[in-house]
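Peer 1: Sequence and predicted structure, then a few things I'm wondering about:
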Amino acid sequence: MSYLPTAIAESVAISIEETKYKDFYFDEESGQFTGQVVEGVQALKGWIYFALRIARYRYPIYSWKYGTELETFIGQSFDDEDYLLSEVKRMIEDALLINPHIKSVEDVEVDYKNEKLGIKCTVNTKYGDIYVKI
């Protein structure tokens, strides 16, 4: 008599289906969530919008991985535009690439005029490209 089970487990194939990213629809014109649930590119647009506008480490409700450190540029003047471009690009990539649905950030353009920082870039996702302008 054996104390260990004698049955041999059968090999079972498990298929895991990846679901599309879902989030609430964010209306860019009004700046508010509508309550409607959307998938794919539309869902990622809202996530990207907030990830780039939330200050990292400021709000305890958000993970320390969420948000950007772009506010560190407030009150500083920049003579070296190459430094500014490289730092902004790094901060944007740090903020966005934590999302597993985002592949890369490309074509980052930084416009610094009248002490205002304008950023344009293309975010490559699993669902297609998203053009971002903040």
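Peer 2: Structure's in. What do you need? Numbering: from 1, shown residues only.
Peer 1: which residues sit in contact with the residue nearest to the spatial centre of the chain?
Peer 2: The centre of the chain sits closest to Leu96, judged by Cα atoms, centre = their mean, with a distance of 3.0 Å. By Cβ atoms under 8 Å, 6 or more residues apart in numbering, Leu96 lies in contact with Ile48, Ala51, Leu52, Ile102, Val105, Val123. Heads up, the C-betas are built off the backbone N, CA and C, glycines and all.
Peer 1: Would you mind measuring from it to Glu87?
Peer 2: Distance, Leu96 to Glu87, by Cβ to Cβ, to the nearest Å: 15 Å.
Peer 1: Now do the contacts for Val88.
Peer 2: Leu70, Phe73, Val108, Val110, Leu117, Ile119.
Peer 1: which secondary structure element contains it?
Peer 2: Element membership for Val88 (DSSP states H and E) is helix 81-96.
Peer 1: next SSE after that helix?
Peer 2: strand 102-113.
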